[in-house]
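# Next one to model:
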Amino acid sequence: MPESPKLESDISAEMSSDQVAASLDKLVSDVRPRVPAAILTPVESIRQSIVSILPTMGKGNATIDQNTYAIRQTALEYLPQTLTRYLSLPPAYRNTFPVQDGKTATQLLVEQLTLLDDTMKKVVANVLADDTQALLANGRFLSSKFQSEDFLKAV
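Numbering: from 1, shown residues only. As a prediction, this is how the structure comes out:
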């Protein structure tokens with residue numbers, strides 16, 4: 001049986017955010033013609049989550065550093081390997097034969113990608129939690145500062 005070509009993400013710790021985004025774009029482009037929409041949708045969502053958080057990575061925050069590992073591993077290893085393993089199966093087999101618990105390889109892949117997608121969304125929320133809290137605190141400050149009776153009388 002011929003070996004399925006490995007999907008390359010070419011992502012390393014030395015890459016810039018733009019390079020990581022370009023590599024993920026290439027990965028999505030490579031799988032787009034080879035997978036159904038049910039698979040492409042979570043792949044694109046995972047890509048979007050990763051790309052949206054790339055500019056904030058590397059700020060030196062311990063939380064970001066822990067999450068940076070999960071983001072880079074997903075982009076570098078988890079997503080490409082998951083897709084490569086699926087694409088190594090014959091196309092007819094992916095959609096026809098039950099593999100586990102009556103589910104086809106396609107159904108199992110969708111579950112795995114959904115898990116990755118949900119995890120990336122949580123990681124993005126974790127990374128942005130401090131910024132979100134700062135925004136909320138600023139809103140409370142502004143509200144208390146500018147909505148007071150004393151301030152309105154002075155204006």
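
# shaky segments in the chain?
Within the chain, the stretches falling below the threshold (pLDDT under 70) are 1-14, 58-65, 130-138, 140-141, 145-146, 148-155.

# Would you mind measuring from the residue sitting nearest the centre point of the chain to Gln147?
The centroid of the chain falls nearest to Ile46 when counting by C-alpha atoms, centre = their mean (3.2 Å). Counting by C-beta to C-beta, to the nearest Å, the gap from Ile46 to Gln147 is 42 Å. (C-beta placed from N, C-alpha, C; glycine too.)

# before we move on, the earlier item: surely the residue nearest to the centre of the chain touches Asp118?
No. Using C-beta atoms under 8 Å, Ile46 is not in contact with Asp118, being 9.7 Å away.

# okay, and the common contacts of those two?
Jointly contacting Ile46 and Asp118 under the rule C-beta atoms under 8 Å, 6 or more residues apart in numbering is no residue at all.

# who touches the helix or strand hosting the residue nearest to the centre of the chain?
Assessed by DSSP states H and E, Ile46 sits inside helix 37-53. Contact with helix 37-53 is made by 20-21, 24-25, 27-28, 31-32, 35, 67, 71, 74-75, 79, 83, 86, 106, 109-110, 113-114, 116-117, 120-121, 123-124, 127-128, as judged by C-beta under 8 Å, 6+ apart.

# Out of those, which end up buried?
Neighbour counting by 16 or more other C-beta atoms under 10 Å classes 20-21, 24, 27-28, 31, 35, 67, 71, 74-75, 79, 83, 86, 106, 109-110, 113, 116-117, 120, 123-124, 127-128 among these as buried.

# So which of the residues you listed are in helices?
Counted as lying in helices by DSSP state H, out of these, are 20-21, 24, 27-28, 31, 67, 71, 79, 83, 86, 106, 109-110, 113, 116-117, 120, 123-124, 127-128.

# gap between the residue nearest to the centre of the chain and Thr96?
With C-beta to C-beta as the criterion, Ile46 and Thr96 are 26 Å apart.

# Likewise for Gly139?
54 Å.

# now do Ala125
Distance, Ala125 to Thr96, using C-beta to C-beta: 38 Å.

# same deal with Val51?
To Thr96, Val51 is 34 Å away according to C-beta to C-beta.

# Of these two, which one has the most company?
Legend: neighbour count by other C-beta atoms under 10 Å for Val51 and Thr96, higher for Val51 (17 against 11).
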